[in-house]
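Asks: Sequence first, then the predicted structure, then my questions.
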Amino acid sequence: MSKKRHAFVGTGGRALSFIEPLVTTYGDQNELVGICDLSPARMAYYNELLVRDLGYHAVPAYTADRFDDMLREQKPDEVFVCTKDSMHHDYIVRALHAGCDVITEKPMTTDAAKCRAILDAQKATGRRVRVAFNYRWAPFRSKVKELIESGVVGKIHSVNLEYLLDTNHGADYFRRWHAHIENSGTLLVHKSTHHFDLVNWWLDAIPQQVFAYGDLVFYGKQNAVNRGDEKLTRYARYTGSPEAKDDPFCLDLTESESFRKLYLAGEADSGYLRDQNVFRDGITVPDQMSLNVRYRTGQVLTYSLVCYSPREGMRVTFNGDRGRIEYHEFIGTHMNRAVSPKNWKIEEKPGAEAEGEWIRVFPHFKSSYVVEMPEIRAAHGGADVILNEHFYGPPAPPDALGRTAGHEQGAASIAIGIAAVQSISSNLPVNISDLVTINPDAMKLSQLV
Ligand SMILES: NC(=O)c1ccc[n+]([C@@H]2O[C@H](COP(=O)([O-])OP(=O)(O)OC[C@H]3O[C@@H](n4cnc5c(N)ncnc54)[C@H](O)[C@@H]3O)[C@@H](O)[C@H]2O)c1
């Protein structure tokens, strides 16, 4: 049987975690036929890794202006989109029209017009789009889904989700392209898409209306100056700035081969600086956000995201008509260091002590109890390994937990963040149906592709 042909666009820090299993564990059924990126230096490093570390061969590398040539010459069956978020739509639409299926990293895209373009292209071509919502695939989050579906606390009426990003991982978004709304759509789209997708999936519900607040209160030059940290603002970037040596926000791009070869070497050909000062002028995304979502089912989500916390993790509570579920997930901190999945590790940082994850069920009029969960210390809570099996393994029967997300479920998640951004600027509630049409007849997420 011929192998399935895969091409990747966007060879930054993330793509390696999908390319490595593709050419190793799943190499018998799959092949990598081409890579595409703005930066020839980054692609050269990927080819170096393929040959030196992964026992594969170098693959044709196409600069971004030659993406269509890659599709025509290499004829991939599937294109994996791993670029910065604001370009996802462009590559998804072009790949679909070239007859390819698509897997895209989250968020599917960053604004309503781009989302509509993806939905239109999918409809016109009938090709398959999958969104890599790896959060859904972590076994302990599946456990929450199973508990809710078992009806142990009856019907869920409301959810509270508090997500904390710390001054290691959270700060990292403010060093790079994510700090600019035109690239990421804000962290309400880039990051919260994971959290909104989880709630949509846990509740099996489709969001309807959003009201939000968001402010930049910690990062940015003025905030640092206001709290007496002016000296942390004196350099434009960290690498090569001796004054930044003792700055706790310093990221030195000479620290590892992957940083040097992906990012330092790629500066000249792409203009991408990976280590900008988090206390600089020009940041256009909030670092503190809170919002309410009403679902088509009438359920309500109260959500907050803080990006400057001393610890990282989330606390979620579900209020049902027969009790309450509390879910805590504080598994430590990490930032994307562009390493191979086998070298991934939780980072040892003060204040980032891992408390682990646990679920406690509080039934009405009965004692509460803890639900046992496996301890998993792997990339993204063990989710990436299971997700890769889904992407590259032999076709499997439909997933009992409904973890596969297509274009409509991808839209249902980003629509909350996109509506929230609009609500922050208008100070009004926003109806998602005014932004994008997502199967108006459906009530449940599982009725969406
Ligand atoms: N699910 C997860 O856990 C997870 C983790 C990390 C990143 N991601 C997602 O993966 C994607 C990539 O993130 P990353 O951390 O690798 O970022 P990165 O900054 O390391 O890499 C982004 C890459 O996109 C390329 N790029 C930018 N504009 C381009 C264009 N117009 N054409 C072609 N290439 C272009 C850059 O040159 C760079 O190589 C993002 O969408 C991000 O949301 C997901």
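Replies: Done, it's in.

Asks: The closest residue to residue 95 other than its chain neighbours: which element?
Replies: Of all residues not flanking residue 95 in the chain, residue 79 sits nearest, at 3.9 Å (CB to CB, 6 or more residues apart in numbering). All C-beta atoms are positioned from the backbone trio N, CA, C, and that covers glycine. Applying DSSP states H and E as the criterion places residue 79 in strand 78-81.

Asks: And the residue nearest to residue 95, what's its pLDDT?
Replies: As summarised for this prediction, residue 79 has a pLDDT of 98.

Asks: hmm, back to that, can you tell me the strand partners of the strand holding residue 79 and which way each runs?
Replies: Partner strands for strand 78-81, per DSSP bridges, with pairing direction: strand 4-9 (parallel), strand 101-105 (parallel).

Asks: and the following helix or strand past it, what other elements does it pack with?
Replies: For strand 78-81, the succeeding helix or strand toward the C-terminus, using DSSP H and E, is helix 88-97. Taking 3 or more CB pairs under 8 Å, 6 or more residues apart in numbering; DSSP states H and E as contact, the helices and strands that helix 88-97 lies on are helix 67-74, strand 78-81, strand 101-105, helix 112-125.

Asks: just the angle between the longest one and strand 101-105, please?
Replies: Note on geometry: by axes from the mean of the first three to the mean of the last three CA atoms, to 10 degrees, helix 112-125 and strand 101-105 are set 160 degrees apart in direction.

Asks: Dump the C-alpha coordinates for helix 112-125 into CSV.
Replies: Coordinates of the C-alpha atoms in helix 112-125 are reproduced here as CSV (Å, rounded to 0.1, in the frame of the first residue of the first chain):
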residue,chain,number,x,y,z
ALA,A,112,-14.3,36.2,11.8
ALA,A,113,-13.6,37.0,8.1
LYS,A,114,-10.8,34.4,8.0
CYS,A,115,-13.0,31.9,9.8
ARG,A,116,-15.7,32.4,7.2
ALA,A,117,-13.1,31.9,4.4
ILE,A,118,-12.1,28.5,5.8
LEU,A,119,-15.7,27.3,6.2
ASP,A,120,-16.5,28.4,2.7
ALA,A,121,-13.5,26.7,1.2
GLN,A,122,-14.3,23.5,3.1
LYS,A,123,-17.9,23.6,1.8
ALA,A,124,-16.7,24.3,-1.8
THR,A,125,-14.2,21.4,-1.8
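
Asks: so how far is residue 169 from residue 160?
Replies: Applying CB to CB, to the nearest Å, the value for residue 160 to residue 169 is 22 Å.

Asks: Residue 396 against residue 386, yeah?
Replies: No - the pair residue 396 / residue 386 is not scored as a contact, 11.2 Å apart, by CB atoms under 8 Å.

Asks: Determine which member of these two has the greater number of neighbouring residues.
Replies: When residue 396 is set against residue 386 and neighbours are counted by other CB atoms under 10 Å, the residue ahead is residue 386, at 20 against 9.

Asks: residues from the stretch 201-350 of the chain in reach of the ligand?
Replies: By CB under 6 Å from any ligand atom, the residues of the stretch 201-350 of the chain that approach the ligand are 270, 272, 336.

Asks: and residue 160 and residue 169? which has more neighbours close in?
Replies: A count of neighbours by other CB under 10 Å puts residue 169 above the other of residue 160 and residue 169, at 21 against 15.

Asks: Against the ligand, how distant is that one?
Replies: Using CB to the nearest ligand atom, to the nearest Å, one gets 10 Å for the distance from residue 169 to the ligand.

Asks: Which residue comes closest to that residue once chain neighbours are left out?
Replies: If you skip the residues right next to it in sequence, residue 169 has residue 335 as its closest partner in space, 4.6 Å away by CB to CB, 6+ apart.

Asks: Number of residues surrounding the one you found?
Replies: Neighbourhood size, residue 335 [other CB under 10 Å]: 19.

Asks: Please apply the same query to residue 99.
Replies: Residues near residue 99, counting by other CB under 10 Å, number 12.

Asks: isn't it right up against residue 124?
Replies: No - the criterion here is CB under 8 Å, and residue 99 misses it with residue 124 at 11.7 Å.

Asks: Using the record's domain definitions, break this protein down for me.
Replies: Following automatic domain parsing, one finds the domains of the chain at 4-133, 135-219+283-379+404-447, 221-270.

Asks: Please identify which of those is closest to residue 392.
Replies: For the domains of the chain, distance to residue 392 was read as CB to CB. The smallest value, 3.6 Å, belongs to domain 4-133.

Asks: what stretches of the stretch 251-400 of the chain score poorly on pLDDT?
Replies: Low-confidence regions of the stretch 251-400 of the chain, defined here as pLDDT under 70, cover residues 350-354, 376-379.

Asks: Helices - which of the residues of the stretch 201-350 of the chain next to the ligand land there?
Replies: Secondary structure of these is defined by DSSP state H; positions in helices are residue 270.

Asks: Now for residue 368, how many residues are close by?
Replies: Residues near residue 368, counting by other CB under 10 Å: 12.

Asks: Ignoring the adjacent residues along the chain, who's closest to it?
Replies: If you skip the residues right next to it in sequence, residue 368 has residue 362 as its closest partner in space, 4.3 Å away by CB to CB, 6+ apart.

Asks: you'd agree the one you found is up against residue 322?
Replies: No - Residue 362 is not in contact with residue 322 according to CB under 8 Å; the separation is 10.1 Å.

Asks: With distance to residue 247 added, can I get the residues of the stretch 201-350 of the chain next to the ligand in CSV?
Replies: Listed next are those as CSV, based on distance: CB to CB, whole Å:
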residue, distance to residue 247
270, 25
272, 21
336, 20
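
Asks: Of the residues of the stretch 201-350 of the chain next to the ligand, which is the most crowded?
Replies: Neighbour counts for those were taken using other CB under 10 Å; the highest belongs to residue 270, with 18 neighbours.
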